[in-house]
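S.K.: Quick one: sequence plus predicted model below, questions after.
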Amino acid sequence: MKMIIFQELNVKTPKREILLNITGKINEIVRESTVKEGVCRLFVPHTTAGLTINENADPAVIKDVIMYLNKLIPQNSGFSHMEGNSDAHIKTTLTGSNLEVIIHNGMLALGTWQGIMFAEYDGPRHRKVYVQLQGE
Amino acid sequence: MKMIIFQELNVKTPKREILLNITGKINEIVRESTVKEGVCRLFVPHTTAGLTINENADPAVIKDVIMYLNKLIPQNSGFSHMEGNSDAHIKTTLTGSNLEVIIHNGMLALGTWQGIMFAEYDGPRHRKVYVQLQGE
Amino acid sequence: MKMIIFQELNVKTPKREILLNITGKINEIVRESTVKEGVCRLFVPHTTAGLTINENADPAVIKDVIMYLNKLIPQNSGFSHMEGNSDAHIKTTLTGSNLEVIIHNGMLALGTWQGIMFAEYDGPRHRKVYVQLQGE
C-alpha cells in the first residue's frame, strides 16, 4: 500500500558545533511505519545547521570533521553579517540541509559504519528535523 | 491522486557569482499543482552552478557565503582546465546540483528564514532548473 | 504502472582519489527498467567516498577538483582518527553520500556536460552504490 508519512523530530544540541548521531531516532520512525520500499527524506528547517552521513564508530572522526571545518572557516573571518554566525551559514551550505536515505526491506539502507548526523554549527539550540517517508 | 509533474524554470543570473533567491518561483509551481504531500525535486543541468538553501532575510549572509567561497577557492589557483572556471566546477561539487524539499499541506516545508538559492559560479548566464513534483 | 526497483552496483576504484564517471552504468539500469517519469536515487554506503555531478568532457576538470580538494584538506593535518583517512571523511561530508537524478521521458534528466561521478577519497577499493528507481 502506497503511503506518505510526515513527522517532526526534536533535537537538542549541547554545544556550538557538533555532529550528533540521530540514526536511532530515524530508525525508530521507519520501524514504526509499514514502509518496506521507498525513501526516508530528512530536512533541517534552519540556516545554521545541516545533515550529513559519516562514521558512527570512532568518535575521533566526527571530531576531526568539526575541527577541520573550523580551521577552513573560522568564526571571525571579516564577515558582514552582524550576528557573528556567517561561518555557520557557510558550513550549512557546504554540508547541505537535506538527505534522502533509501528504505529497502523495511530498513534504512545504510552501510555498517554510517550514521545520520545532525550537523549543528551555531548551538546549543533546540532544533527540528522534518522526516517524510514515501513508499509502500 | 498520485502524480508526477515535470517543468523547466529559466533563471537569468546577473553576475559571475551570486546566490539568487528562487523560492517565489518554486512556490508558484507548487501552488499551481494540486500536490498536497510529496516532494519538490530541483536539479541544475549545468556544471558551474548549483542549488543551496540559506538565509532569505539579511542579504549580508549570502554575500558572506559568496565572498568566503572565493577566498577558499580563488579563480586562479593553478588549474589545468583551460576555460578558467575550475573554481566554479569545484564550488558546484561542494554545493550540490540537486535539492529535495518536502511538500506538506500543499506547501514547501521550509523554515522561516530559509530560501532556495540558485548558486551561480560562472555567470552572468541564462540557466535552467528542472523541477519535478512527485506526490499526491 | 507505479514501481520501486532496488539494485546494487559494484565499483572498483583504481587509486586513492578519483572522480569516476559511472553515468553509463546508471543509464543502463534506467533503460532496462520501464520507469518513464520518476527518480533515480543513488546512495554510497561508505564513509570515505561519495557522489557528485560534474563535467564529463574535459578530464582536466575532475583532476582540478581532486587536486584542489587535496590542497584544501591535506591527508596529514594533525587529525585524531588513527586510520590516517580523516581527510577522506571530511571530503565525503562536503561532497555528500547521496544523489537524486530526475527521470523524465524514460531518461536521466542530465545536462549535456554532466556526468555522475563516484568520488573515491580512500581507494583503491571495491565499493558499492545502491540504486533505487521510484516512478511509473
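M.R.: That came through fine. Numbering: from 1, shown residues only, chains lettered A, B, ... in the order given.

S.K.: Which strands or helices does the longest helix seen in chain A pack on?
M.R.: Longest helix of chain A, by residue count under DSSP state H: helix A:59-72. Packing partners of helix A:59-72 (3 or more C-beta pairs under 8 Å, 6 or more residues apart in numbering or on different chains; DSSP states H and E): strand A:18-21, strand A:49-55, helix A:86-95, helix C:86-95. (C-beta placed from N, C-alpha, C; glycine too.)

S.K.: Run through the neighbouring helices and strands of the shortest one.
M.R.: Meaning strand A:18-21. For strand A:18-21, the contact count by 3+ C-beta pairs under 8 Å, 6+ apart identifies helix A:59-72, strand A:114-120 as packing neighbours.

S.K.: JSON lines for the ones you listed, including mean neighbour count, mean pLDDT and distance to B:V35?
M.R.: What follows is these, written out as JSON lines (neighbours: other C-beta atoms under 10 Å in any protein chain shown; pLDDT from 0 to 100; distance: least, C-beta to C-beta, whole Å):
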{"stretch": "helix A:59-72", "mean neighbour count": "19", "mean pLDDT": "96", "distance to B:V35": "36"}
{"stretch": "strand A:114-120", "mean neighbour count": "25", "mean pLDDT": "98", "distance to B:V35": "26"}
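
S.K.: who's the spatially most central residue of chain A bridged to?
M.R.: With distances taken as C-alpha atoms, centre = their mean, A:L51 lies nearest the centre of chain A, 2.6 Å away. Legend: beta-bridge partners of A:L51 under DSSP bridges are A:F118.

S.K.: Show me what counts as buried in stretch A:82-89.
M.R.: For stretch A:82-89, a neighbour-count test (16 or more other C-beta atoms under 10 Å in any protein chain shown) marks A:85-89 as buried.

S.K.: Which member of the residues you listed is positioned nearest B:S77?
M.R.: A:D87 (21.8 Å; C-beta to C-beta).

S.K.: quick one: contacts for that closest one?
M.R.: Going by C-beta atoms under 8 Å, 6 or more residues apart in numbering or on different chains, A:D87 touches A:70, A:73-75, A:77, A:79, A:121.

S.K.: Among those, name the buried ones.
M.R.: The neighbour count (16+ other C-beta under 10 Å) marks A:73, A:79, A:121 as buried among the contacts of A:D87.

S.K.: Now tabulate those residues in TSV and tack on distance to chain C and pLDDT.
M.R.: Formatted as TSV, the buried ones among the contacts of A:D87 follow (distance: C-beta to the nearest C-beta, whole Å; pLDDT from 0 to 100):
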residue	distance to chain C	pLDDT
A:I73	11	97
A:F79	19	94
A:Y121	12	98
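
S.K.: rewinding a little: nearest approach to C:T23 belongs to which of the helices and strands packed on strand A:18-21?
M.R.: Comparing these by their distance to C:T23 (C-beta to C-beta), the top pick is strand A:114-120, with 24.2 Å.

S.K.: what packs against the closest one?
M.R.: Counting by 3+ C-beta pairs under 8 Å, 6+ apart, strand A:114-120 packs on strand A:18-21, helix A:23-32, strand A:49-55, helix A:86-95, strand A:126-135.

S.K.: angle of it against helix C:86-95?
M.R.: 70 degrees (axes from the mean of the first three to the mean of the last three C-alpha atoms, to 10 degrees).

S.K.: Tabulate the CA atom coordinates of the longest helix of chain A in PDB.
M.R.: Output of helix A:59-72 as PDB, limited to C-alpha atoms (Å, rounded to 0.1, in the frame of the first residue of the first chain):
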ATOM      1  CA  PRO A  59      34.200   9.400  17.700                       C
ATOM      2  CA  ALA A  60      37.500  10.800  16.600                       C
ATOM      3  CA  VAL A  61      36.200  11.000  13.000                       C
ATOM      4  CA  ILE A  62      33.400  13.400  13.700                       C
ATOM      5  CA  LYS A  63      35.600  15.500  16.000                       C
ATOM      6  CA  ASP A  64      38.100  15.700  13.100                       C
ATOM      7  CA  VAL A  65      35.400  16.900  10.800                       C
ATOM      8  CA  ILE A  66      34.200  19.600  13.100                       C
ATOM      9  CA  MET A  67      37.800  20.700  14.000                       C
ATOM     10  CA  TYR A  68      38.800  20.900  10.300                       C
ATOM     11  CA  LEU A  69      35.700  22.800   9.200                       C
ATOM     12  CA  ASN A  70      36.500  25.400  11.900                       C
ATOM     13  CA  LYS A  71      40.100  25.600  10.500                       C
ATOM     14  CA  LEU A  72      38.700  26.100   7.000                       C
END
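
S.K.: That one to strand A:114-120, inter-axis angle?
M.R.: Using the same axes, to 10 degrees, helix A:59-72 lies at 40 degrees relative to strand A:114-120.

S.K.: distance between stretch A:118-132 and the chain's centre?
M.R.: Remark: stretch A:118-132 is offset 7 Å from the chain centroid, using C-alpha atoms, centre = their mean, to the nearest Å.

S.K.: Compute the first-to-last residue distance for it.
M.R.: Start to finish, the residues bounding stretch A:118-132 are 16 Å apart (C-alpha to C-alpha, to the nearest Å).

S.K.: any idea of the mean pLDDT for the one helix or strand A:L42 maps to?
M.R.: Here A:L42 is covered by strand A:38-43, with elements defined by DSSP states H and E. If you average the pLDDT over strand A:38-43, you get 98.

S.K.: Okay, now the sheet partners of that strand, with direction.
M.R.: Sheet pairing for strand A:38-43, using DSSP bridges, gives strand A:98-104 (antiparallel), strand A:126-135 (antiparallel).

S.K.: which of the residues in the shortest one are buried?
M.R.: Okay, so that is strand A:98-104. By 16+ other C-beta under 10 Å, the buried positions in strand A:98-104 come out as A:98-104.

S.K.: Adjacent strands (with direction) for the helix or strand following it?
M.R.: The helix or strand immediately downstream of strand A:98-104 is strand A:107-108, counting by DSSP H and E. Strand A:107-108 pairs in its sheet with strand A:98-104 (antiparallel), by DSSP bridges.

S.K.: for the partner strand, the distance to its chain's centre please.
M.R.: Taking mean C-alpha positions (C-alpha atoms, centre = their mean), strand A:98-104 and its chain are 12 Å apart.

S.K.: Not counting stretch A:51-60 itself, show me its contacts.
M.R.: Identification of contacts with stretch A:51-60 by C-beta under 8 Å, 6+ apart yields A:19, A:21, A:23, A:42-44, A:61-62, A:65, A:95-99, A:101, A:110, A:113-119, A:129, C:47, C:79-83, C:86, C:89, C:92-93, C:96-98.

S.K.: Kind regards, and thank you for your time.
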